[in-house]
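In: I would like to see how this sequence folds:
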Amino acid sequence: MFDFDATLPVMAVQFLLLAAILNVILYKPIGKVLDERDNYLRNSEQEARERTSKAEQLAKQYEEQLAEARRQSQSIIVAAQTDAKKITAAAVAEAQQEVRVQREQVSQEIEQQKQEAMRSLEQQVDALSRQILEKLLGPELVR
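Out: Residues are numbered from 1 along each chain as shown. This next block holds a predicted model:
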């Protein structure tokens, strides 16, 4: 079936030469491009994972900071409310004390005016009593 003459080795050399030329011209550049593309995809995927991980860490950190800020603001609000209540209670107590003092002063003033009115009335009663006695008994007997 096969003839083993000089064409067979020439064909084998041509095939090997064609395979070597195709390998140098076509297969190696295509393989290089495919390897570069594969490396690029791996690197891009790795960078994307790293960025995603970093973004998740930053989001978690920001959430923790936000929660801490909320806790601090709540404690500040509670402290401010407590201070306001203390200030209000102190102001109310002070106002009540002032009212008590003023009430006592007014009571004392009223008592003084009452005493003065009583003295004045007593003097008027004494004067009227003398006048009545003078009219009834005469001015010579009253003194």
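
In: end-to-end on stretch 16-32?
Out: Start to finish, the residues bounding stretch 16-32 are 22 Å apart (Cα to Cα, to the nearest Å).

In: Go through that stretch and flag the buried ones.
Out: For stretch 16-32, burial by neighbour count (16 or more other Cβ atoms under 10 Å) applies to no residue. Where you see a C-beta, it was placed from the backbone N, CA and C, and this is true even at glycine.

In: mean confidence score for it?
Out: Average pLDDT, stretch 16-32: 92.

In: cool, stretch 127-143 as well?
Out: Mean predicted lDDT for stretch 127-143 stands at 77.

In: Spell out for me which residue occupies the centre of this protein.
Out: residue 73 (3.0 Å; Cα atoms, centre = their mean).

In: Tell me the secondary structure at that one.
Out: helix (DSSP: H, G, I helix; E, B strand; the rest coil).

In: Distance check, it against residue 84.
Out: Going from residue 73 to residue 84 by Cβ to Cβ, to the nearest Å gives 16 Å.

In: same thing with residue 21?
Out: For residue 21, the distance to residue 84 equals 92 Å [Cβ to Cβ].

In: what do you get for residue 137?
Out: 77 Å.

In: Kindly report the same for residue 74.
Out: Residue 74 is 15 Å from residue 84, by Cβ to Cβ.

In: now do residue 110
Out: 38 Å.

In: Over to residue 72?
Out: For residue 72, the distance to residue 84 (Cβ to Cβ) stands at 18 Å.

In: Equivalent analysis for residue 114, please.
Out: From residue 114 to residue 84 the distance is 44 Å (Cβ to Cβ).

In: And residue 125, by the same measure?
Out: For residue 125 relative to residue 84 (Cβ to Cβ), the value is 59 Å.

In: low-scoring stretches of the protein, by residue?
Out: 1-4, 141-143 (pLDDT under 70).

In: Which residue ranges of it form helices?
Out: Secondary structure of the chain by DSSP state H: the helices cover 7-22, 28-137, 139-142.

In: Hey, what's the angle from the first one to helix 28-137? Just curious.
Out: With axes from the mean of the first three to the mean of the last three Cα atoms, to 10 degrees applied, the angle from helix 7-22 to helix 28-137 works out at 20 degrees.
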